[in-house]
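Trainee: Structure here, sequence nowhere to be found:
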């Protein structure tokens, strides 16, 4: 038996007509030839249903209408955030779950920035009160 060639399972699997090579990682050319669709991203999502629910909850955007200049600045902030959200929803290769999570994160960031701009503390952030002694 010492003269016989060693048994290589990957060699036998390759000869059966499989398109997958078990000898190593696929090359960049092989990866480029494989089509990637948004359905694949949705079927094999990395998020659990509970995480998806938590990461796609509603966002509150609070705008104050005290000063005209501040209203314009706030409107520009909202417009810039909405343009970014529209850009991300056009990235169809991400899948709908990831698009929803990323656009919600962008809207939440805009909501926090608006709160700070208006002199408020964003929801969920707090500082301990200073104690007077």
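Mentor: In hand now; what should we look at? Fair warning: this is a prediction, and the values are worked out from it, not measured in the lab.
Trainee: now residue 113: how far from residue 54?
Mentor: For residue 113, the distance to residue 54 equals 21 Å [CB to CB, to the nearest Å]. For the C-beta atoms, the positions are set from N, CA and C on the backbone; glycine is no exception.
Trainee: who has more neighbours, these two?
Mentor: Per other CB atoms under 10 Å, whichever of residue 113 and residue 54 has more neighbours is residue 113, with 17 against 11.
Trainee: Can you tell me the closest non-neighbouring residue to the more buried one?
Mentor: Using CB to CB, 6 or more residues apart in numbering and skipping the chain neighbours, the partner closest in space to residue 113 is residue 77 (6.1 Å).
Trainee: neighbouring contacts of the host helix or strand of the one you found?
Mentor: In the assignment (DSSP states H and E), residue 77 maps to helix 68-89. With CB atoms under 8 Å, 6 or more residues apart in numbering as the test, helix 68-89 has contacts from 61, 63-65, 94, 99, 102-103, 106-107, 109-110, 113-114, 117-118.
Trainee: count of neighbours near the residue nearest to residue 113?
Mentor: Count around residue 77 with other CB under 10 Å applied: 17.
Trainee: what's the answer for the one 4 residues further on, then?
Mentor: Residue 81 has 21 neighbouring residues, counting by other CB under 10 Å.
Trainee: so how far is residue 108 from it?
Mentor: From residue 81 to residue 108 the distance is 10 Å (CB to CB).
Trainee: Common neighbours of those two, please.
Mentor: In contact with both residue 81 and residue 108: no residue, using CB under 8 Å, 6+ apart.
Trainee: Which residue ranges of the chain form strands?
Mentor: For the chain, applying DSSP state E gives no strands.
Trainee: helices and strands of it: which one bottoms out on pLDDT?
Mentor: helix 9-15 (a mean of 52; mean pLDDT, DSSP states H and E).
Trainee: Next, find the distance separating the closest residue in space to residue 109 that isn't next to it in sequence from residue 60.
Mentor: Among residues not flanking residue 109 along the chain, residue 81 sits closest, at 7.3 Å (CB to CB, 6+ apart). Using CB to CB, residue 81 is found at 13 Å from residue 60.
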